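Colleague: Need coordinates for the following:
(2 chains)
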Amino acid sequence: MTVELLWWDGCPSHPEALAGLEGILREEGVEAEVQRIEIRDDEQARRERFPGSPTIRIDGRDVVPPGDGEPFSLTCRVYRTRDGRISPTPDPEDVRDAVRRAA
Amino acid sequence: MIGIGDRAPEFTLPDTGGTERSLETPAVVVFTCNHCPYALAWHDRIADAARDYGDVHFYAINPNDAERYPRDSLEAMRERVEREGDWPMPYLRDESQEVARAYGAKTTPDLFVLDGDGALRYRGAPDLDHQDPSLNAGWLREALDAVLAGEDVARPETDPIGCSVKWK
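Modeller: Alright, predicted model coming up:
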């Protein structure tokens, strides 16, 4: 399983996202190493199809696929938790479901 | 950039209805925006404080570069206010970013509480955790209660947490 965390340092959320992701991988018994990819400029953001920080991809698939037409740029992603709250990181259960689908 | 006890810079900025708004005190100046999850997560708590402290002037100021972040344009701000309705504070556009620079804003959100003389009495985050609505902007409310009672603010500074201001 390939696990990637794409991040930009303009958002402070990537350490929390990484900790949450690694915790879920442990809980699910997955021994994949998280590849951390820093996005540094808009050109790289477009090349990596980066919709914002943090973005977690498992086997190349975003754990929370962005909507159609979402621009690729240096920005912070806005997620919704399952109880409807706005969050800078994906709902842990969305990450867990993505890990289980790929396992 | 201003420090605790300094007199805060005055400003006049346009709101989403096209009206020029000038600083009146006591006040809460919140640098915020449309696209940052931290600013959005804390928005309702700050808005609730604005409703609860009717004697305090609240200003939400968006200083982000709208060319690179179109969701922070004046038009997008106007659409948001119309869509959400019930904003208890004006949403101002700092197109030149001069006000944000004068205050030393770092993130969205970044809060500045000014007393009746315009002196900075609190700067930082609304409360400890953007993920916990029950905290109810407690640090902001503590500061406002002290300012309105003429007392020292027990916790005058906290680290602002959020997305970096998008400078031009």
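Colleague: now the strands for chain A?
Modeller: For chain A, the strands defined by DSSP state E cover A:3-7, A:34-38, A:55-58, A:61-62, A:79-80, A:86-87.
Colleague: neighbours around B:Tyr38, how many?
Modeller: For B:Tyr38, the count of nearby residues is 28 (other C-beta atoms under 10 Å in any protein chain shown). Quick note: C-beta positions are derived from backbone N, CA and C, even for glycine.
Colleague: B:Val165 now?
Modeller: Neighbours of B:Val165 under the rule other C-beta under 10 Å: 24.
Colleague: What does the pLDDT read for it?
Modeller: pLDDT, B:Val165: 96.
Colleague: Show the model's pLDDT score for A:Ala103.
Modeller: With respect to pLDDT, A:Ala103 scores 86.
Colleague: mind checking how far the nearest residue to it once chain neighbours are set aside is from chain B?
Modeller: Spatial nearest neighbour of A:Ala103, excluding adjacent residues (C-beta to C-beta, 6 or more residues apart in numbering or on different chains): A:Val30 at 6.2 Å. Distance of A:Val30 to chain B, given as C-beta to the nearest C-beta, to the nearest Å: 25 Å.
Colleague: A:Glu93 contacts A:Arg82, correct?
Modeller: Yes. The pair A:Glu93 and A:Arg82 qualifies as a contact (C-beta atoms under 8 Å) at a distance of 6.0 Å.
Colleague: circling back: what distance do you get for the residue nearest to A:Ala103 to A:Val3?
Modeller: Here the criterion is C-beta to C-beta, to the nearest Å. By it, A:Val30 lies 8 Å from A:Val3.
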